[in-house]
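>>> Next come a sequence and a model predicted from it.
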Amino acid sequence: MGKTGGRRKNNVKKEVYLKSDHKGNLDIVGLENKNIIYLLKKFKANIKDPQYFSSPYILKDLLICSKCGNKLIPKNYGKHKASVYRCPTKENGKSHNIIKTELIEDLVLDKLYDINYCKNDISMGYNKYLSSFKEKNETHNKVIYALKNKISDIENNVKNIDEMLAENPKQHIINGLLKYKHYFQDKISLLTKQLEENKSQLNIKPISFKKFNNQINIIIKQIPDKRVLCFLVIDKILVSNDNNQLKLNIIISPKTL
Ligand SMILES: [Zn+2]
């Protein structure tokens, strides 16, 4: 087919689109999971930092000092020195935690790519997922309980008004009572809606361990970009480095869930 004038115009636009908007997704080769692309876009828009996923520090924002709970901050000491992640808290003039970037990043990636080694962390991550699910349901149950009480209180008000109306009061009193009755009825329908929403949340079941595990494996297989990979599967990593013995507690939680 020959080129038309309209086509040519579109080509120009397409190129611009590829350069700016689409480029961030080109790292994710062969990725079919639209969920992940959506997630990354949404996150990027929220933090308003276009460089967020281009950071050479693939564990940036994920490392937590187990002593003080602060985030370890990436630090580059200069050309010929190794870069580190460092806890900003100092004790006796010394940072809680200073770990060479390469060392900790290799350790974490080895774990992620070695399915057997990683299994323990995935089980722990799944247990965390289940307990946060349970917590959410407990909150919904509390809200449901409170809403039911509120609704029943207001229903009592309506009942009282009906009893008063049954006694044939004067017209201006009837008008006043009806106004209150409508106000209460509106309130009941609003609260009932909230009640149904909370009840429907309770019907959502947690995913199985197998699905949880699959979700992580899919991300590990599909995302070649290590920075994006760590962001997607790791919730946080508690780091302790007492007596130069590095200990990592990797909390795995796929952000796609
Ligand atoms: Zn610390």
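Good, I have the coordinates. Numbering: from 1, shown residues only.
>>> quick one: buried residues of the one helix or strand residue 178 maps to?
Using DSSP states H and E, residue 178 falls within helix 171-202. Neighbour-count burial for helix 171-202 flags 177, 181, 184, 188, 191, 195, 198 (criterion: 16 or more other Cβ atoms under 10 Å). (C-beta placed from N, C-alpha, C; glycine too.)
>>> of these, closest to the ion?
The ion has its nearest neighbour among the buried residues of helix 171-202 in residue 198, at 39.2 Å by Cβ to the ion.
>>> In contact with the closest one, which residues?
140, 143, 144, 147 (Cβ atoms under 8 Å, 6 or more residues apart in numbering).
>>> Is it correct that the last one is in contact with residue 193?
By that I understand residue 147. No - Residue 147 is beyond contact range of residue 193, at 9.9 Å (criterion: Cβ atoms under 8 Å).
>>> Identify the contacts common to those two.
Joint contacts of residue 147 and residue 193 (Cβ under 8 Å, 6+ apart) do not exist.
>>> so which strand or helix has the residue of the stretch 151-257 of the chain found nearest the ion?
When scored by Cβ to the ion, the stretch 151-257 of the chain has residue 239 as its residue closest to the ion, at 8.8 Å. For residue 239, the host element (DSSP H and E) is strand 234-240.
>>> that's a helix at residue 251, yeah?
No - counting by DSSP: H, G, I helix; E, B strand; the rest coil, residue 251 is located in no helix; its state is strand.
>>> Chain neighbours aside, what residue packs nearest to it?
residue 235 (4.5 Å; Cβ to Cβ, 6 or more residues apart in numbering).
>>> What ranges does this protein have for its helices?
5-20, 23-26, 34-47, 101-113, 115-166, 171-202, 209-222, 226-233 (DSSP state H).
>>> Columns mean pLDDT and distance to the ion on top of those helices, output as TSV?
Formatted as TSV, the helices of the chain follow (pLDDT from 0 to 100; distance: least, Cβ to the ion, whole Å):
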stretch	mean pLDDT	distance to the ion
helix 5-20	38	39
helix 23-26	45	33
helix 34-47	80	23
helix 101-113	92	15
helix 115-166	92	22
helix 171-202	96	37
helix 209-222	88	28
helix 226-233	93	20
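>>> okay, those helices, which one's buried deepest?
Highest mean neighbour count among the helices of the chain (mean count of other Cβ atoms under 10 Å): helix 226-233, with a mean of 21.
>>> packing partners for it?
helix 34-47, helix 101-113, helix 209-222 (3 or more Cβ pairs under 8 Å, 6 or more residues apart in numbering; DSSP states H and E).
>>> Pull the distance from the last one to the chain's centre.
It stands for helix 209-222. Centroid separation for helix 209-222 versus its chain: 17 Å, with Cα atoms, centre = their mean, to the nearest Å.
>>> now for it, which elements pack on it?
Using 3+ Cβ pairs under 8 Å, 6+ apart: helix 209-222 touches helix 115-166, helix 226-233.
>>> Now do that helix against helix 226-233: the angle between them, please.
On the basis of axes from the mean of the first three to the mean of the last three Cα atoms, to 10 degrees, helix 209-222 is oriented at 170 degrees to helix 226-233.
>>> again, but for the second one
The directions of helix 101-113 and helix 226-233 differ by 50 degrees, with the same axes, to 10 degrees as the criterion.
>>> got the contact list for helix 101-113?
For helix 101-113, using Cβ under 8 Å, 6+ apart, the contacting residues are 57-59, 63, 74, 82-85, 117-118, 121, 220, 226, 229-230, 233-234, 237, 239, 246, 248, 250.
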